[in-house]
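Trainee: Generate coordinates for the sequence data below:
(one chain, ligands or ions: 1)
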Amino acid sequence: MPIPLFDLTRQNDALMEELTDASTRVLRSGQFILGKEMEALEAEAAALLGAERSLAVSSGTDALLLALMAAGIGPGDEVIVPDFTFFATAGCVARTGARPVFVDICPLCFNLLPEAVEAALTERTKAILPVHLFGQSADMKSLMAIAEKAGVKVIEDCAQSIGAKHHGTATGCFGDFAAISFFPTKNLGGFGDSGLLLAKAEADFDRAKILRVHGMEPKYYHPEIGANFRMDALQAALLRVKIPHLSSYNEARRGNADHYKQTLADHSDVWLPTTTGDCPFRGECNCKDEPEARLILPFTYPHNEVIWNQFTVRIPGAGQREDFRAHLQKDGIGSEIYYPLPLSQQECFQPYKPAECPNAAKVATECVSLPIFPELREDERETVVKSILAWLG
Ligand SMILES: Cc1ncc(COP(=O)(O)O)c(C=O)c1O
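Mentor: As a prediction, this is how the structure comes out:
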């Protein structure tokens, strides 16, 4: 039997009765946009994350755009983003008229390098937009200190990190704003597009709430221009069914990640980078001194609680990644490349004349994500490990 990269039906099948009840409740209510279901979701999601309030929106992308709009970011401003992330992170910045400034990442944890962020600050910088890629928090302690010193805002892209923690605090609770995605393959996966916005300051939250409905306040009066960023009631009701299960989903992903690491780390061609403290590359990135390995396992900090939206390994060497993926495919194992081209190399961003980001460029040629979804069975992950060990020889 093939082992897919993810299988949404297994999770949904287990909840089918509750999901059906929730949809029936909404269908009978006659209330399909915003409303009570959405407000209940907002309260439950805020409580889950330890945030004071949250705003349910139409997608993770829209949560990012709304955060940037509510932060007052626009033409003439610069926003620092990681070079290695999903397109939306920087696409939203550009859509406000501001300039995305692409900054390099750590090649081991895949997140923004604080030193590089500091070096990219200018008098036009209005915000830093860290992404907690693949479910591991960026170095928020350092990034918040940099932002505070520079007097710029922080907007966290938590699309892939709902429930992840950094020094015990949930991602999304550090910055002025945070954007969460409920895209179906995320750890809290919805049934279509939807997302959530967190805003620390009440005034920011209130402004975002008005911008969510075309900048309308009061009804049919528009002090500013917003858009339709509303969430459907059906979506909210279905997501509410999954919220109580999120921690067990995250736990199951963690179990899968631990298993991959434990079973692969001892192979002589595998490198599992470790540290007992802060970034081992602080100050001087020594990725040039990486030991020779055919497979590099993902690196996690001891102070981070990772939720493993993806389990991403690196396969260095010309043609090796393609060979590895072909081998997995032959064994019926799904994999994906998140992401094959850094944002600074995307055609649409060339007018911004982005600086080179060598770590992001290297990682983009080597990364491969493996099946990690919570319902992956023990025998399936065993098959994945066996297949990888056979490829390594
Ligand atoms: C890092 C990152 N940012 C933003 C988004 C956008 O979220 P959505 O797909 O819900 O619009 C995603 C989702 O794919 C993402 O992975």
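Trainee: Show the average pLDDT along the helix or strand containing Leu66.
Mentor: In this structure, Leu66 is located in helix 60-70 according to DSSP states H and E. Averaged over helix 60-70, pLDDT sits at 98.
Trainee: Only the buried residues of that helix, if you could.
Mentor: The neighbour-count check on helix 60-70 (16 or more other Cβ atoms under 10 Å) flags Gly60, Thr61, Asp62, Ala63, Leu64, Leu65, Leu66, Ala67, Leu68, Met69, Ala70 as buried. Heads up, the C-betas are built off the backbone N, CA and C, glycines and all.
Trainee: any chance of those residues in a markdown table, plus distance to Cys357?
Mentor: Converted to a markdown table, the buried residues of helix 60-70 look like this (distance: Cβ to Cβ, whole Å):
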| residue | distance to Cys357 |
| --- | --- |
| Gly60 | 23 |
| Thr61 | 22 |
| Asp62 | 27 |
| Ala63 | 25 |
| Leu64 | 20 |
| Leu65 | 24 |
| Leu66 | 27 |
| Ala67 | 23 |
| Leu68 | 22 |
| Met69 | 27 |
| Ala70 | 28 |
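Trainee: Tabulate the CA atom coordinates of the helix holding Leu66 in PDB.
Mentor: The C-alpha trace of helix 60-70 is given here as PDB (Å, rounded to 0.1, in the frame of the first residue of the first chain):
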ATOM      1  CA  GLY A  60      -3.700  32.400   6.500                       C
ATOM      2  CA  THR A  61      -2.700  34.700   3.600                       C
ATOM      3  CA  ASP A  62      -5.500  37.100   4.500                       C
ATOM      4  CA  ALA A  63      -4.500  37.000   8.100                       C
ATOM      5  CA  LEU A  64      -1.000  38.200   7.100                       C
ATOM      6  CA  LEU A  65      -2.400  40.800   4.700                       C
ATOM      7  CA  LEU A  66      -4.800  42.100   7.400                       C
ATOM      8  CA  ALA A  67      -2.000  42.200  10.000                       C
ATOM      9  CA  LEU A  68       0.200  44.300   7.600                       C
ATOM     10  CA  MET A  69      -2.800  46.600   6.800                       C
ATOM     11  CA  ALA A  70      -3.700  47.000  10.500                       C
END
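Trainee: any idea which of the buried residues of helix 60-70 is closest to Ile3?
Mentor: Gly60 (26.8 Å; Cβ to Cβ).
Trainee: which of the buried residues of helix 60-70 come close to the ligand?
Mentor: Near the ligand, judged by Cβ under 6 Å from any ligand atom, the entries from those are Gly60, Thr61.
Trainee: dump the residue contacts of Ser194.
Mentor: Ala56, Val57, Ser58, Ser59, Phe182, Met231, Asp232, Gln235, Ala236, Leu239 (Cβ atoms under 8 Å, 6 or more residues apart in numbering).
Trainee: near the ligand, which residues of the stretch 151-300 of the chain?
Mentor: Asp157, Ala159, Gln160, Ser181, Phe183, Asp193, Gly195.
Trainee: ok so Asp206 is a strand residue?
Mentor: No - read with DSSP: H, G, I helix; E, B strand; the rest coil, Asp206 is helix and lies in no strand.
Trainee: Do a quick rundown of the strands in the stretch 101-250 of the chain.
Mentor: Per DSSP state E, counting those that start in this stretch, the stretch 101-250 of the chain carries strands over the ranges 125-128, 153-157, 165-166, 169-170, 177-181, 195-199.
Trainee: how about TSV for those strands, with mean neighbour count and distance to Asn256 added?
Mentor: Formatted as TSV, those follow (neighbours: other Cβ atoms under 10 Å; distance: least, Cβ to Cβ, whole Å):
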stretch	mean neighbour count	distance to Asn256
strand 125-128	24	32
strand 153-157	27	24
strand 165-166	20	19
strand 169-170	18	22
strand 177-181	30	21
strand 195-199	28	25
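Trainee: So for Pro273, which of the ones you listed sits nearest?
Mentor: strand 165-166 (18.3 Å).
Trainee: Contacts made by the closest one with the rest, please.
Mentor: Ser137, Ala138, Asp139, Met140, Lys141, Thr171, Phe174, His303, Asn304, Glu305.
Trainee: Pick the one among those closest to Ala252.
Mentor: Once Cβ to Cβ is applied, the member of the contacts of strand 165-166 that ends up nearest Ala252 is Glu305, at 14.4 Å.
Trainee: quick one on the thing from earlier: now render the strands of the stretch 101-250 of the chain as TSV, adding distance to Ser248.
Mentor: Below are the strands of the stretch 101-250 of the chain laid out as TSV (distance: least, Cβ to Cβ, whole Å):
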stretch	distance to Ser248
strand 125-128	33
strand 153-157	24
strand 165-166	16
strand 169-170	17
strand 177-181	19
strand 195-199	20
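Trainee: okay if I get those as a markdown table plus mean pLDDT?
Mentor: Output for these, formatted as a markdown table (pLDDT from 0 to 100):
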| stretch | mean pLDDT |
| --- | --- |
| strand 125-128 | 98 |
| strand 153-157 | 98 |
| strand 165-166 | 96 |
| strand 169-170 | 96 |
| strand 177-181 | 98 |
| strand 195-199 | 98 |
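Trainee: Looking at those, spot the one closest to Glu347.
Mentor: Comparing the strands of the stretch 101-250 of the chain by Cβ to Cβ, strand 153-157 comes nearest, at 22.0 Å.
Trainee: Looking at the contacts of strand 165-166, which are in helices?
Mentor: Of these, the ones assigned to helices by DSSP state H are Met140, Lys141.
Trainee: of all of the chain, which residue lies closest to the ligand?
Mentor: Of all residues in the chain, the one sitting closest to the ligand is Gly60 (2.5 Å; Cβ to the nearest ligand atom).
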